[in-house]
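**Student:** What follows is a predicted structure for the sequence shown.
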Amino acid sequence: MSGEKRPLIAISPWRRPLATAVHPQNDLYTIDPEYLDGIERVGGHAALVGFADDVDDAIARLRPFDGLMLSGGDDVDPARYGAIIDGAVDPNPATDSSDEAYLAAAFELGLPVLGICRGVQIINVALGGSLLQDIWGSSDVHPARNAGPHAAANAEEMLSRRHAVNLEAGSLIAELFGSESIETNSLHHQAVDRLADDLRVTGRAEDGIVEVVEHRHQPLLGVQWHPERMPPGTHDQIFDWLVQAAGAQ
């Protein structure tokens, strides 16, 4: 897209306290650079957006953008789908509210949406679905994660594993990969349980866990794995879909 206007993608960040030279618990917006790298590789530009107060605020923030990516992050608050905490860890209601506002704003503005990991989960909840609060250890496909002092190293080990995802024939995701089965990584702690009416499942792991959703009426794709943490180029079809759909606005 050299010489052309590159589609601009808004990415929802994490907001968390981190130690810095300024303060031992600085409140910071953060994001893994791989999310931005994936968008840049396929010809887009990406920028973080701060938390939105409500839908009107989200609409105002998204007006300069051509597409939206809802990134991974904390567990979704079970209260949003009428449940009590039964496995969810440290939910952040402010993140949930902001992401739901951005999703509604994207629909209002007609922007394509890509959800990754938590992004799929908040999309399903925002549209009326519910979640399985803790799938770690539920099968060999989704093994338990060590939450002790070596949790970060264990997360990297989990991301290095691969498992199959079976894709629905004729679906968007199957067309993007040109296949009805692909290999993905896995780190997600939660997953879709009751599916929102406006979504359809187009990919599942071999243990039945939902891995891909698509919207029945809107340009929206959600994948439960982390394509940004797959080897560069192997899952760029997902980022390319978002950028191409954003460029068509």
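**Tutor:** Yep, that arrived. Residues are numbered from 1 along each chain as shown.
**Student:** If we go by neighbour counts, what in the longest helix seen in the chain is buried?
**Tutor:** Longest helix in the chain, counting residues (DSSP state H): helix 93-109. For helix 93-109, burial by neighbour count (16 or more other C-beta atoms under 10 Å) applies to 95-107, 109. Quick note: C-beta positions are derived from backbone N, CA and C, even for glycine.
**Student:** Give me the residues contacting the next helix or strand after that helix.
**Tutor:** Toward the C-terminus, helix 93-109 is succeeded by strand 113-116 as the next helix or strand (DSSP states H and E). Under the contact criterion C-beta atoms under 8 Å, 6 or more residues apart in numbering, strand 113-116 has outside partners 35, 67-72, 103, 106-107, 121-123, 213, 215, 218-223, 226-228, 238-239, 241-242.
**Student:** mind running it again at 6 Å?
**Tutor:** 68-72, 106, 123, 220-222, 242 (C-beta atoms under 6 Å, 6 or more residues apart in numbering).
**Student:** Taking these together, which two end up most distant?
**Tutor:** Maximum pairwise distance in the contacts of strand 113-116, criterion C-beta to C-beta, is 17.6 Å, between Gly72 and Ala106.
**Student:** If we go by neighbour counts, what in stretch 108-126 is buried?
**Tutor:** 109, 111-126.
**Student:** Helices along the chain, start to end?
**Tutor:** 33-41, 55-62, 93-109, 118-126, 151-160, 172-177, 236-247.
**Student:** With distance to Arg16 added, can I get these in TSV?
**Tutor:** Compiled in TSV, the helices of the chain are given as follows (distance: least, C-beta to C-beta, whole Å):
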stretch	distance to Arg16
helix 33-41	16
helix 55-62	20
helix 93-109	9
helix 118-126	13
helix 151-160	14
helix 172-177	30
helix 236-247	24
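**Student:** Mind telling me which of those helices the model trusts least?
**Tutor:** Note on the helices of the chain: lowest mean pLDDT is at helix 151-160, with a mean of 75.
**Student:** related to what we said a few turns ago, for Pro91, state which of the contacts of strand 113-116 is nearest.
**Tutor:** Set against Pro91, the nearest of the contacts of strand 113-116 by C-beta to C-beta is Gly72 (14.2 Å).
**Student:** Compute the number of surrounding residues for that closest one.
**Tutor:** By other C-beta atoms under 10 Å, 23 other residues sit near Gly72.
**Student:** Quick one: residues contacting Asp193.
**Tutor:** 130-132.
**Student:** Which one of the residues you listed sits in the busiest neighbourhood?
**Tutor:** Counting neighbours by other C-beta under 10 Å, Leu131 leads the contacts of Asp193 with 25 neighbours.
**Student:** Hmm, that residue is touching Gln190, no?
**Tutor:** Yes. Leu131 lies in contact with Gln190 (C-beta atoms under 6 Å); the separation is 4.9 Å.
**Student:** returning to what we had before: will you turn the contacts of Asp193 into TSV that also has pLDDT and distance to Asp207?
**Tutor:** Converted to TSV, the contacts of Asp193 look like this (pLDDT from 0 to 100; distance: C-beta to C-beta, whole Å):
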residue	pLDDT	distance to Asp207
Ser130	98	19
Leu131	98	16
Leu132	96	11
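**Student:** In strands, which of these fall?
**Tutor:** Assignment to strands by DSSP state E places the following of those there: 131-132.
**Student:** Spatially central, which residue of the protein would that be?
**Tutor:** Ile116 (1.8 Å; C-alpha atoms, centre = their mean).
**Student:** What separation is there between that one and Gly137?
**Tutor:** 22 Å (C-beta to C-beta, to the nearest Å).
**Student:** and if you look at Asp236?
**Tutor:** Asp236 is 31 Å from Gly137, by C-beta to C-beta.
**Student:** swap in Ala47?
**Tutor:** Taking C-beta to C-beta, one finds Ala47 at 37 Å from Gly137.
**Student:** thinking again about what came up before, shared neighbours of Leu131 and Gln190, anything?
**Tutor:** Going by C-beta under 6 Å, 6+ apart, residues that sit against Leu131 and also against Gln190 are Gln121.
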